[in-house]
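Q: Structure, please.
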Amino acid sequence: MRLVISYSGVLGGAERALVELADTLGADSCLACPPGALADAARTRGLRVFVLQERRLELRGQRILAAARLTAHAREIRALIDSLDPELVVAWGMRSGLALWLVRARRRAPIVFAHNDFLPGPVIGALVRAAARAADRVLVPSSAVAGDLDPAGRLGDRLAVVNPAVEIESFAGFNGQPAHPPEVLVLGALVDWKRPDLALEALAIARTRRSELRLRLVGAPIGASAEKLSARLRHRASQPDLAGAVEFVGFVADPRPELSRATCLLHCAPREPFGLALVESLAAGRPVVAPDAAGPREIVDHSCGILYPPGDAHAAAVAVLRLIADPLQASAMGARARQRARARFDLTQVRSRFAAVTCPVGQRRSPARPEAAGALALVTVTRNSSSELERLLESVARHLPGTRVLVVDCASEDRSREIALQKRQGVRTELIALESNDGFGAGCNRGLAAVTEPVTALVNPDVELIDDSLLALVEEALRPAGPERLLAPLVLSPDGSRQDSVHPRPGSAAELARSLIPPALAIGRLGPSLGLAPWRSRTSRRVGWAVACALVGRTDTLVRVGPFDERIFLFGEDLDLGLRSRELGIETWFWPQARVIHARAHATAPAFGGEPFELLARARHEVVARRLGPRYARLDDSTQTLTFASRRLLKCALGREAKRERRQLEAIRAVRRSP
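A: Reported below is the predicted structural model:
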């Protein structure tokens with residue numbers, strides 16, 4: 001897995017470059033970022049997104065608050081990296097680069113630091129340079145940023161310039177005639193440092209010669225000063241020399257129509273790290289008027305635009321007037337602009353360069369043998385699971401193409417059967433339609449009976465694959481002379497945190513110990529080593545039983561153990577399987593080298609209006625009594641009571657909500673009171 005981390009969730013030029021480049025790292029590339037436009041764009045491209053907490057972007061003037069936010073970001077991504085154990089981590093932006101540097105002592109994976117901005121000051125600059133020196137590879141968008149970050153050239157070959165780019169051919173249909181009266185376009189987020197105020201002053205000067213000239217500002221105000229900046233700009237635009245000539249368009253997902261109607265692009269940032277909007281303008285065949293400095297100087301030359309002294313509104317106005325006055329010159333510049341974009345900023349070429357300088361840093365772990373993929377079948381049982389099933393099948397097609405998936409549907413009333421029957425490239429799906437809701441266990445047994453592959457993975461429909469790591473379980477299951485075992489992968493929540501998917505055997509010393517010591521208090525490796533939190537283990541280990549949201553075994557082994565007792569309609573089937581397998585000498589092992597995402601309770605929560613605590617408690621009691629005897633059942637009830645009571649006390653002591661633990665206690669007591 002290759003993990004890209006972004007502190008920012010906005011979709012600026014650097015973030016749009018991220019979306020275009022991230023999937024070159026491989027089909028198992030994932031992005032961690034706050035909710036927002038970046039996360040939405042990444043999902044559209046098929047990237048798995050782990051949602052981080054949204055934090056303010058400001059650094060200047062807020063050193064203490066900024067340091068606190070950065071520390072919190074560092075803790076959050078450290079926990080995510082600990083859970084995912086990726087082969088490569090890409091820190092996209094200065095803040096994530098600093099955060100990874102803060103947790104560098106715990107790092108296990110190589111780090112690529114994509115530094116996209118100029119350094120904001122000497123103190124932070126020194127820290128960013130230290131983070132860059134600690135990284136295995138540093139990427140920058142321009143030579144200007146490279147010189148600012150590493151003026152002495154100490155990073156050597158570890159520093160690479162990778163220009164952001166666009167898909168040139170996608171602009172082919174947007175090359176019509178510019179609008180009339182002529183329009184000038186300002187494209188990009190409205191922030192102070194990009195000087196949109198200078199664009200208004202340049203327009204006012206130009207309108208003294210060409211009063212019909214119009215300006216469109218396409219981009220949304222962002223940051224803490226967004227409202228103040230927007231108010232200032234609108235006030236200036238309402239003055240007599242600009243009244244009616246300025247339009248605030250706001251954010252647009254696709255800038256091509258805006259570029260098509262413009263005579264030229266006006267860029268005003270005096271110190272722009274790169275300027276993806278300028279590349280888009282070249283690709284659209286529109287000349288650029290930009291400051292003669294930093295990133296724009298590397299993008300634009302005299303053949304396709306006009307460069308002016310940074311901060312000089314009069315010079316910018318003269319450049320705009322020159323293009324407005326001579327449409328033939330503007331058109332010729334536009335044609336040369338498209339040629340320059342194709343030669344230097346084509347996305348295909350840049351994607352290849354990005355992969356070439358990034359992928360070798362994080363060597364993948366030993367790949368699975370090709371025959372492992374053909375040895376696996378997935379069985380899933382659906383009940384009103386259409387949206388979950390669709391995501392599961394899409395993830396199988398992406399990460400395990402060619403794998404057969406048997407969908408056993410328990411009389412769903414939604415589109416589950418329709419989804420199962422749809423043909424998808426990369427996945428072979430077969431539907432087993434049951435006439436009634438026979439339950440999870442019976443459904444799994446029906447599906448297993450139709451499996452012909454040597455290894456079966458039983459997965460819930462609300463499971464998603466994030467890589468091909470299930471093949472590690474296939475190889476282990478088929479290892480010559482290997483023992484018969486049930487193998488449980490690492491199960492992650494959608495936010496990337498580990499789920500408590502494996503447990504000690506009821507009545508064991510580990511189960512008793514964790515009733516007194518909550519797993520949350522078992523720091524570091526203490527939890528896994530004592531069996532208090534076996535799901536935190538980094539290495540394979542024997543466990544008492546595993547939650548059946550994802551369970552892998554040799555098909556003949558699963559057939560021999562049942563796998564499920566069909567007398568159990570709902571809840572407790574997986575505990576029963578673990579105890580029954582143990583009676584047959586078949587151990588259950590946690591195998592964290594394989595991992596899946598699990599959404600949890602997609603069908604039961606709506607059906608029961610939340611977590612059915614009493615049903616869960618009663619199912620556990622009955623399974624333990626049947627498999628281990630009434631004495632163990634009573635002991636397990638007492639252990640469960642102590643577990644929920646201790647956790648409730650701890651939460652109350654910390655001032656946290658303990659309603660869930662209270663309801664769990666009430667459920668256990670109700671079971672113990674029943675005959």
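
Q: what's the distance between the longest strand seen in the chain and the middle of its chain?
A: Assignment by DSSP state E gives strand 587-598 as the longest strand of the chain. On the basis of C-alpha atoms, centre = their mean, to the nearest Å, strand 587-598 is displaced by 21 Å from the centre of the chain it belongs to.

Q: Pull the contacting residues for residue 287.
A: Each residue near residue 287 by C-beta atoms under 8 Å, 6 or more residues apart in numbering is listed here: 264, 265, 281, 304, 305, 306, 323, 330, 333, 334, 337. Yep, even glycine has a C-beta here, placed from its N, CA and C like the rest.

Q: Can you spell out the domain ranges of the chain, please?
A: 2-161, 170-345, 370-602, 611-675 (automatic domain parsing).

Q: Flag the shaky bits of the stretch 301-450 of the chain, pLDDT-wise.
A: Judged against pLDDT under 70, the low-scoring parts of the stretch 301-450 of the chain cover residues 362-370.

Q: meant to ask about the stretch 1-150 of the chain
A: Residues of the stretch 1-150 of the chain meeting the criterion pLDDT under 70: 58-63, 105-107.

Q: Any idea what the spatially most central residue of the chain is bridged to?
A: The chain has residue 49 as the residue nearest its centroid, 1.9 Å off, counting by C-alpha atoms, centre = their mean. As for beta bridges, residue 49 partners with residue 31 under DSSP bridges.

Q: My guess is it contacts residue 37. True?
A: No - if you go by C-beta atoms under 8 Å, residue 49 and residue 37 don't touch, sitting 11.9 Å apart.

Q: And the helices in the stretch 351-500 of the chain?
A: Remark: helices assigned in the stretch 351-500 of the chain by DSSP state H, counting those that start in this stretch are 370-374, 386-399, 416-421, 440-449, 470-477.

Q: What's the end-to-end length of stretch 647-667?
A: Terminal residues of stretch 647-667 are spaced 15 Å apart (C-alpha to C-alpha, to the nearest Å).

Q: cool, stretch 565-580 as well?
A: This stretch, stretch 565-580, spans 10 Å end to end (C-alpha to C-alpha).

Q: Same question for stretch 544-561.
A: 16 Å.

Q: Show me what counts as buried in it.
A: Within stretch 544-561, the residues scored as buried using 16 or more other C-beta atoms under 10 Å are 544-555, 557-558, 561.

Q: again with stretch 318-332
A: Using 16+ other C-beta under 10 Å as the test for burial, stretch 318-332 gives 318, 319, 320, 321, 323, 324, 330, 331.

Q: try stretch 465-472
A: By 16+ other C-beta under 10 Å, the buried positions in stretch 465-472 come out as 465, 466, 467, 468, 469, 470, 471, 472.

Q: I'd say the fourth one and residue 398 touch.
A: Just to be clear, that refers to residue 468. No - if you go by C-beta under 8 Å, residue 468 and residue 398 don't touch, sitting 9.3 Å apart.

Q: and residue 411, how many neighbours?
A: For residue 411, the neighbour count with other C-beta atoms under 10 Å is 15.

Q: can you give me the helices for the stretch 501-650 of the chain?
A: Using DSSP H, counting those that start in this stretch, the helices of the stretch 501-650 of the chain run over 509-516, 526-530, 555-561, 573-583, 604-608, 613-628, 630-653.

Q: Next up, the contacts around residue 655.
A: Contact analysis of residue 655 by C-beta under 8 Å, 6+ apart lists nothing.

Q: Quick check: the gap between it and residue 648.
A: Look at residue 655 and residue 648: by C-beta to C-beta, to the nearest Å, they are 13 Å apart.

Q: same thing with residue 443?
A: Counting by C-beta to C-beta - residue 443 and residue 648 are separated by 35 Å.

Q: now swap in residue 428 and tell me
A: Relative to residue 648, residue 428 is positioned 48 Å away (C-beta to C-beta).

Q: so what's residue 179 closest to, chain neighbours aside?
A: Of all residues not flanking residue 179 in the chain, residue 261 sits nearest, at 4.2 Å (C-beta to C-beta, 6 or more residues apart in numbering).

Q: so who does that neighbour touch?
A: Residues counted as contacts of residue 261 (C-beta under 8 Å, 6+ apart) are 176, 178, 179, 183, 185.

Q: Based on its surroundings, how many neighbours for the first one?
A: Spelled out, that is residue 176. There are 10 residues near residue 176, going by other C-beta under 10 Å.

Q: same check, this time on the last one
A: By other C-beta under 10 Å, the residues close to residue 185 number 28.

Q: quick one on the thing from earlier: save the helices of the stretch 501-650 of the chain as TSV, and put in distance to residue 412 too.
A: Output for those, formatted as TSV (distance: least, C-beta to C-beta, whole Å):
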stretch	distance to residue 412
helix 509-516	36
helix 526-530	38
helix 555-561	24
helix 573-583	19
helix 604-608	12
helix 613-628	21
helix 630-653	33
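
Q: Which of those has the highest mean neighbour count?
A: Among those, helix 573-583 has the highest mean neighbour count (mean count of other C-beta atoms under 10 Å), at a mean of 22.

Q: Report the inter-axis angle for that helix versus helix 613-628.
A: Per axes from the mean of the first three to the mean of the last three C-alpha atoms, to 10 degrees, the angle that helix 573-583 makes with helix 613-628 is 10 degrees.

Q: what comes into contact with helix 573-583?
A: Helix 573-583 is contacted by residues 440-441, 486, 505-506, 544-548, 551, 561-565, 568, 587-588, 619-620, 623-624, 626-628 when judged by C-beta under 8 Å, 6+ apart.

Q: tell me the mean pLDDT for it?
A: The average pLDDT for helix 573-583 rounds to 90.

Q: that older thread, so for residue 219, which of the helices of the stretch 501-650 of the chain sits nearest?
A: Shortest distance between residue 219 and the helices of the stretch 501-650 of the chain, using C-beta to C-beta, is found for helix 604-608: 40.9 Å.

Q: Tell me how many other residues crowd the closest residue to residue 660 other than its chain neighbours.
A: Excluding its sequence neighbours, the residue lying closest to residue 660 (C-beta to C-beta, 6+ apart) is residue 611, at 7.5 Å. Around residue 611 there are 16 other residues, counting by other C-beta under 10 Å.

Q: Check residue 435 too.
A: When counting by other C-beta under 10 Å, one arrives at 7 neighbours for residue 435.

Q: now the most far-flung residue of the chain relative to its centre, what's its secondary structure?
A: Distance from the C-alpha centroid of the chain peaks at residue 209, with 50.7 Å (C-alpha atoms, centre = their mean). Put simply, residue 209 is coil when judged by DSSP: H, G, I helix; E, B strand; the rest coil.

Q: How about residue 11?
A: coil.

Q: How about it, nearest residue that isn't a chain neighbour?
A: Sequence neighbours aside, residue 37 is the residue nearest to residue 11 in space, at 3.7 Å (criterion: C-beta to C-beta, 6+ apart).

Q: so how far is residue 126 from that neighbour?
A: Using C-beta to C-beta, we find residue 37 at a distance of 32 Å from residue 126.

Q: For those two, indicate the residue with more neighbours.
A: For the pair residue 37 and residue 126, the greater number of neighbours falls to residue 37 (18 against 11), based on other C-beta under 10 Å.

Q: I'd guessed that one sits against residue 6; true?
A: No - contact criterion C-beta under 8 Å: residue 37 and residue 6 do not qualify, at 11.6 Å.

Q: Need the residues touching each of these two.
A: Listed as contacting both residue 37 and residue 6 by C-beta under 8 Å, 6+ apart are residue 15.

Q: Please enumerate the strands of the stretch 101-250 of the chain.
A: Per DSSP state E, counting those that start in this stretch, the stretch 101-250 of the chain carries strands over the ranges 111-114, 137-140, 159-161, 183-187, 214-218, 246-248.

Q: and residue 516, what does it touch?
A: Contacts of residue 516 were listed using C-beta under 8 Å, 6+ apart, and they are 642, 646.
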